[in-house]
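Participant: Sequence and computational prediction follow.
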Amino acid sequence: MAKSDIVIAGYAETPVQFRSGRSAYDFAGEALAQLIERTGIEKSAIDGMSVTVPLSECANPFFAVYMAEGLGLSPTWLNYGGIGGCSATGGVSRAMSAIRDGHCEVAVVMSADAPSTRWNANYAAYRGEFQDPVGVQGPPAVFGLLMSRYAHQYNLKPEALAKIAITQRNHALLNENALEKFRKPLSEEDYFNSRMVADPLRVLDSVMFCDGANAFLVMTRQKAEEMGIKKYVYPTAYAELTNVNGADPLADITETGFSKIAPKVFAQSGLKPSDISMFQPYDDFTIAVLMKFEDFGFCGRGEGSDFVLNTDLSFRGTLPLNTGGGQISAGQPGLASGGLNLAEAVRQLFGEGGERQIKNPKNALVTGIGVIPFARNWGTSAAMILEV
Amino acid sequence: MSEATASRPVPKPSVYVDTTPFWEGAKRKELFLQYCKDTGRFQHYPRPVSIYTGSRNLEWRQVSGRGTVYANTVIRIPGPGLEGRLPLSVVTVDLEEGARILANIVGSPPEDVKIGAAVEVVWDLLADDIYYPAFRLV
């Protein structure tokens, strides 16, 4: 795919907080005000909005409409994105389609959540009968199962997972939006001493639910120029897949949706893995990051541990990884989580990375993960490539 | 984590789809799973349609309860309903009939459970007369 005429022409991100006592609406307001201030646009120019379904408010089926009302927006296109950590990149992609179809001209992709203050979700479905009695209450146990299977089939080196955690923590030290609690260095010893949660998964392999918000402005390049916006990036590829291998109950759970969509985003952008300037993968757990190095062809299947150990993943390195600390070290703002990785990619491509700025980045590969299904890997996989 | 602990929450049946045959079978300590009559294949957890064809030409059939451990973890952190159950061995089992089930392993220390191990169904007592499938190493 050649460069599209549609761009991300602005981003905003609130600091990540734990038990802030604030609502998703309040965080969204902070993100919108910041977005308007950064881009200089009039609020009245916004005529489209994608809203991410948040854990903290999802008992309200009209959250997106309430959000428009709360923010004083009157969108002619409103999307309510329920693919969890894929809702930010997915929201950008859907906004691009809506703009192409003429439903709106200036769309804001808003993700805000505050689950560490208020938990309002009930997954219901089969869980009460077939998951809860087994004691599986959330993602850690399912990721423990996934890690065990990966380790059975391939060579999983815990020191590689430690390196992912430590690299991202070093980046969080330079990120003023990262959760304050995580802004202290991490050693390999700290990693190996961290508590086992669901073998072989440790606390320091995992994210912690926090509160926060992010927002992105999507419009045509021409519109951005008309509005006097100087900085923008081109989303040149997007693909997503939900319920990979969903009709195969005995599927290999180490085969993820990313292995299916990676060829699509490389084909759309015309790039190859060695062209990628930075990798901002959705990082709910370190194993997901490690497996994605393989799925996107940075190394072969099962070679993730050695690749991590042999590659400089710092912001100065050959493949900078989650240069804001990722969710594991900046904190996971509920289901606004996918926007955290995306915001860092846009920030870096705008040259606003401050102390952690990557030198002359040309592009970024960003991913999202949405929901943990029944004893598999994850529900939705999404990937987006951004280019300057 | 064995029949000795009979204080566990009893799930409400038939919340998602009609699961009466599963719970009726469990009373007799027989494992019943959903079966697609068009393809001759089992599926678990139970669904509103066959995941193979999309049809509702489904029934419930008893399975052997024999299988092998596909993936393996040990839950070590507390949570609601986990009182007195930690460390808790959680596995997925590939049943001989071609379905994968999430379950506990009982009767062995968690560290003895390995991927590939042969297992068979046993029945955890949740409350009076209410049993739930678990597995033991064979």
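Facilitator: Received the coordinates, thanks.

Participant: ok, how many other residues are close to the residue of chain A found nearest chain B?
Facilitator: Minimum separation of chain A from chain B (CB to the nearest CB) falls at A:Gly144, amounting to 3.2 Å. C-beta coordinates here come from the backbone N, C-alpha and C atoms, glycine included. When neighbours are counted by other CB atoms under 10 Å in any protein chain shown, A:Gly144 registers 28.

Participant: Repeat that for B:Ala118.
Facilitator: Neighbour count of B:Ala118, defined by other CB under 10 Å: 12.

Participant: rewinding a little: contacts only, for the residue of chain A closest to chain B.
Facilitator: A:Val197, A:Ala198, A:Asp199, A:Pro200, A:Leu201, B:Thr73, B:Val74, B:Ile75, B:Val90 (CB atoms under 8 Å, 6 or more residues apart in numbering or on different chains).

Participant: Hmm, A:Ser206 and A:Val197 touching each other?
Facilitator: Yes: when contacts are counted by CB atoms under 8 Å, A:Val197 is listed as touching A:Ser206 (6.5 Å).

Participant: if I look at the two, which residues touch both of them?
Facilitator: A:Pro140.

Participant: isn't there a strand covering A:Gly368?
Facilitator: Yes: applying DSSP: H, G, I helix; E, B strand; the rest coil, one finds A:Gly368 inside a strand.

Participant: give me the beta-bridge partners of it?
Facilitator: On the basis of DSSP bridges, A:Gly368 is bridged to A:Ala382.

Participant: Minimum distance to chain A, which residue of chain B gives it?
Facilitator: B:Thr73 (3.2 Å).

Participant: Just the element for that residue, please.
Facilitator: Secondary structure assignment for B:Thr73, by DSSP states H and E: strand B:66-75.

Participant: what's the answer for A:Ser111, then?
Facilitator: Using DSSP H and E, the element containing A:Ser111 is strand A:107-113.

Participant: helix or strand right after that strand?
Facilitator: Counting by DSSP H and E, what follows strand A:107-113 is helix A:127-130.

Participant: just checking, what packs against that following helix?
Facilitator: For helix A:127-130, there is no helix or strand it packs on, judged by 3 or more CB pairs under 8 Å, 6 or more residues apart in numbering or on different chains; DSSP states H and E.

Participant: one more time with 10 Å, if that's ok
Facilitator: helix B:20-27, strand B:100-104, strand B:130-137 (3 or more CB pairs under 10 Å, 6 or more residues apart in numbering or on different chains; DSSP states H and E).

Participant: Please name the strands paired to the following helix or strand past the second one in the sheet, noting orientation.
Facilitator: Using DSSP H and E, the next helix or strand after strand B:100-104 towards the C-terminus is strand B:118-127. When sheet partners are counted by DSSP bridges, strand B:118-127 sits next to strand B:66-75 (antiparallel), strand B:130-137 (antiparallel).

Participant: Pick the most buried one from those strands.
Facilitator: strand B:66-75 (a mean of 23; mean count of other CB atoms under 10 Å in any protein chain shown).

Participant: average model confidence for that one?
Facilitator: Strand B:66-75 shows a mean pLDDT of 98.

Participant: What is the next helix or strand after it packed up against?
Facilitator: Next in sequence after strand B:66-75, counting helices and strands by DSSP H and E, comes strand B:88-95. In terms of contacts (3+ CB pairs under 10 Å, 6+ apart), strand B:88-95 is packed against helix A:139-153, strand B:66-75, strand B:100-104, strand B:118-127, strand B:130-137.

Participant: ok, back up a step: adding distance to B:Ser7, write the strands paired with strand B:118-127 out as TSV.
Facilitator: Shown next, in TSV, are those (distance: least, CB to CB, whole Å):
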stretch	distance to B:Ser7
strand B:66-75	18
strand B:130-137	12
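
Participant: just to revisit the earlier point, and the angle from the strand holding B:Thr73 to helix A:139-153?
Facilitator: 120 degrees (axes from the mean of the first three to the mean of the last three CA atoms, to 10 degrees).

Participant: Strand B:66-75 to strand B:88-95, inter-axis angle?
Facilitator: Going by the same axes, to 10 degrees, strand B:66-75 makes 150 degrees with strand B:88-95.

Participant: Could you check the angle strand B:66-75 makes with strand B:100-104?
Facilitator: 50 degrees.

Participant: hmm, back to that, please tabulate the contacts of A:Gly144 in a markdown table, including the columns distance to B:Val106.
Facilitator: As requested, the contacts of A:Gly144 are exported to a markdown table (distance: CB to CB, whole Å):
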| residue | distance to B:Val106 |
| --- | --- |
| A:Val197 | 21 |
| A:Ala198 | 18 |
| A:Asp199 | 17 |
| A:Pro200 | 21 |
| A:Leu201 | 22 |
| B:Thr73 | 15 |
| B:Val74 | 13 |
| B:Ile75 | 14 |
| B:Val90 | 11 |
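
Participant: ok, so of these, who is nearest A:Phe350?
Facilitator: For those, the minimum distance to A:Phe350 (CB to CB) is 35.0 Å, reached by A:Leu201.

Participant: quick one: pLDDT of the residue nearest to that closest one when sequence neighbours are not counted?
Facilitator: Of all residues not flanking A:Leu201 in the chain, A:Gly144 sits nearest, at 4.4 Å (CB to CB, 6 or more residues apart in numbering or on different chains). Model confidence at A:Gly144, given as pLDDT, is 98.

Participant: likewise the one 4 residues further on?
Facilitator: We have a pLDDT of 98 for A:Ser148.

Participant: Also A:Ser4?
Facilitator: A:Ser4 is assigned 78 on the pLDDT scale.

Participant: Next: A:Gly91.
Facilitator: So A:Gly91 comes in at 98 (pLDDT).

Participant: Show me what counts as buried in the helix or strand containing it.
Facilitator: Here A:Gly91 sits within helix A:87-100, counting by DSSP H and E. For helix A:87-100, burial by neighbour count (16 or more other CB atoms under 10 Å in any protein chain shown) applies to A:Ser87, A:Ala88, A:Thr89, A:Gly90, A:Gly91, A:Val92, A:Ser93, A:Arg94, A:Ala95, A:Met96, A:Ala98, A:Ile99.

Participant: Please identify which of those residues is nearest to A:Met291.
Facilitator: A:Thr89 (18.2 Å).

Participant: Using PDB, write down the CA coordinates of the helix holding A:Gly91.
Facilitator: Only the C-alpha atoms of helix A:87-100 are listed here, as PDB (Å, rounded to 0.1, in the frame of the first residue of the first chain):
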ATOM      1  CA  SER A  87      -9.200  -0.500  20.200                       C
ATOM      2  CA  ALA A  88      -6.800   2.300  19.800                       C
ATOM      3  CA  THR A  89      -5.000   1.100  16.600                       C
ATOM      4  CA  GLY A  90      -8.300  -0.400  15.500                       C
ATOM      5  CA  GLY A  91     -10.100   2.900  16.200                       C
ATOM      6  CA  VAL A  92      -7.500   4.800  14.000                       C
ATOM      7  CA  SER A  93      -8.100   2.300  11.200                       C
ATOM      8  CA  ARG A  94     -11.800   2.600  11.500                       C
ATOM      9  CA  ALA A  95     -11.600   6.400  11.600                       C
ATOM     10  CA  MET A  96      -9.600   6.300   8.400                       C
ATOM     11  CA  SER A  97     -12.300   4.300   6.700                       C
ATOM     12  CA  ALA A  98     -15.000   6.700   8.000                       C
ATOM     13  CA  ILE A  99     -13.100   9.700   6.700                       C
ATOM     14  CA  ARG A 100     -12.600   8.000   3.300                       C
END
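
Participant: you'd agree A:Ile358 is up against A:Ile276?
Facilitator: No: here A:Ile358 lies out of contact with A:Ile276, judged by CB atoms under 10 Å, at a distance of 11.4 Å.

Participant: Give me the common contacts of those two.
Facilitator: Any residue near both A:Ile358 and A:Ile276 by CB atoms under 10 Å, 6 or more residues apart in numbering or on different chains counts here, and that gives A:Pro320, A:Ala364.
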